[in-house]
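Trainee: Predicted model and sequence below, questions to follow.
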Amino acid sequence: MTVLGMPLEMFLVFVATILAGSIGAIHYVIVHIILGRPIEEPLTDQTAAGRPVENE
């Protein structure tokens, strides 16, 4: 069975990709544009536990 000329499995992956991208775009607009919350990126390297990385 084909949907829009694609096998069903490929079409489902296509739809999931579009859906995930749309959710990400909606999140960005609401949280970062409308609410004005900045994207917080750490300025220093940290380990998974949150401790600073010791440079040798």
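Mentor: Structure received.
Trainee: Can you get me a residue count around M10?
Mentor: 13 (other Cβ atoms under 10 Å). The C-beta positions use only the backbone N, C-alpha and C, and glycine is treated the same way.
Trainee: what comes into contact with stretch 23-32?
Mentor: Under the contact criterion Cβ atoms under 8 Å, 6 or more residues apart in numbering, stretch 23-32 has outside partners 37-39.
Trainee: So what's the gap between the least confident helix or strand in the chain by mean pLDDT and the chain middle?
Mentor: In the chain, the helix or strand scored least confidently by mean pLDDT, DSSP states H and E is strand 2-3, which has a mean of 87. Offset of strand 2-3 from its chain centre (Cα atoms, centre = their mean, to the nearest Å): 28 Å.
Trainee: which secondary structure element contains the residue nearest the centre of the chain?
Mentor: By Cα atoms, centre = their mean, the mean C-alpha position of the chain lies nearest to G24, the distance being 5.5 Å. If you go by DSSP states H and E, G24 is part of helix 8-27.
Trainee: So what's the predicted local confidence for the residue nearest to the centre of the chain?
Mentor: On pLDDT, G24 comes in at 95.
Trainee: what's the answer for L4, then?
Mentor: 87.
Trainee: same thing with G50?
Mentor: Looking at G50, its pLDDT is 66.
Trainee: For M6, what are phi and psi?
Mentor: phi -110, psi 150 (degrees, to the nearest 10).
Trainee: ok, now which ones touch it?
Mentor: F14.
Trainee: If it is in a bridge, with which residues?
Mentor: For M6, the beta-bridge partners under DSSP bridges are V3.
Trainee: ok, it to F14 distance?
Mentor: M6 is 7 Å from F14, where distance means Cβ to Cβ, to the nearest Å.
Trainee: quick one: contacts of the least confident helix or strand of the chain?
Mentor: With contact meaning Cβ under 8 Å, 6+ apart, strand 2-3 is reached by 8, 11.
Trainee: I appreciate the help and will end here.
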